[in-house]
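Chemist: Here is a sequence together with a model predicted from it:
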Amino acid sequence: MLNPNEDTEWNDILRQKGILPPKRVEHEELPPLPDPRSVLDKLTSDELDEKFDLLEDGEVDDEEARFLEEYRRKRISLMREEASKSRFGSVREVTKADWTTEVTNAGDMFVVIHVAEKGLALCSLIDQHFRRLAQKFPIVKFLRGEASLCIPNYPSNNLPSILIYKSGDLKEQLVGPDAVGGNTVTMKQLEWHLAKLGVLESKLTKDPSRRMNIRLAHSNHIKHLAGSELSDNDDDSDDETDDDDAK
């Protein structure tokens with residue numbers, strides 16, 4: 001059977017005679033245009049600045065101008081958001097005079113305060129952990145307040161204390177050595193506790209305190225076994241001494 005669309009010499013003759021209709025021209029499908037946003041995202045900062053310069057000089061068409069304006073607004077907004085998230089990164093001192101500004105009126109954010117006293121070993125340890133946590137989580141506002149300067153007549157046995165505020169309200173308080181984790185508290189333990197309260201987002205998946213307790217229990221078990229062995233050796237030694245005396 002004759003295929004009128006087949007590309008043959010006979011079909012060409014029939015088309016010339018008007019017997020067959022003209023050969024259909026196959027239009028190649030053009031590849032889809034790339035997403036303008038993906039194109040801009042791949043440009044370097046210098047290339048983007050060049051694009052924006054062309055926009056300022058009016059050397060781009062209206063459609064590209066609208067897109068560049070929208071892209072620039074979103075880019076600036078994103079940069080401001082990232083800058084606001086990373087505006088802390090260190091532990092700042094707070095006193096009674098600036099407590100309202102730094103804590104009460106801090107806005108809708110978490111404020112974590114270490115109420116401390118110089119010279120206390122555990123307070124010094126918490127200070128070290130706070131400095132590392134502030135660097136690791138710059139979105140969180142970490143403060144340190146010398147007890148005598150921010151809370152007059154604060155009981156010494158309440159030190160160290162960790163106070164957690166949000167929107168001017170006290171959300172959580174860890175008061176005294178035991179509450180903050182004791183003399184061997186680690187940065188990861190504090191991080192875990194703050195993460196549980198929603199203060200920060202941690203990558204820790206297990207409570208570090210549990211692992212520490214297991215290690216301590218294992219260590220104590222080994223010490224107990226070693227003590228029992230020494231005791232048995234002493235008993236054997238005493239028995240040998242008694243036998244020698246009997247001889």
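Modeler: Sure thing, it's come through.
Chemist: Going by C-alpha atoms from here, please, whenever you check contacts or count neighbours.
Modeler: OK.
Chemist: Let me see the contact set for L159.
Modeler: Shown in contact with L159 (C-alpha atoms under 8 Å, 6 or more residues apart in numbering): 115-117, 123, 175-177.
Chemist: can you give me the helices for this structure?
Modeler: Secondary structure of the chain (DSSP state H): helices at 9-16, 36-41, 45-56, 62-85, 99, 121-136, 147-150, 177-180, 187-196, 208-246.
Chemist: ok so, going back, quick one: which of the contacts of L159 is nearest E56?
Modeler: Nearest to E56 among those, counting by C-alpha to C-alpha, is V115 at 53.0 Å.
Chemist: measure the closest one to G176 for me?
Modeler: 10 Å (C-alpha to C-alpha, to the nearest Å).
Chemist: now swap in G89 and tell me
Modeler: Distance of G89 to G176, computed by C-alpha to C-alpha: 26 Å.
Chemist: Just give me the neighbour total for the nearest residue to L163 once chain neighbours are set aside.
Modeler: The shortest distance from L163 to any non-neighbouring residue, by C-alpha to C-alpha, 6 or more residues apart in numbering, is to Q173 (4.5 Å). Neighbour count of Q173, defined by other C-alpha atoms under 10 Å: 15.
Chemist: ditto for E93
Modeler: Neighbours of E93 (other C-alpha under 10 Å): 16.
Chemist: beta partners for it?
Modeler: Under DSSP bridges, the beta-bridge partners of E93 are R144.
Chemist: and it, how far is that from G107?
Modeler: E93 is 18 Å from G107, by C-alpha to C-alpha.
Chemist: With that, I have no additional questions.
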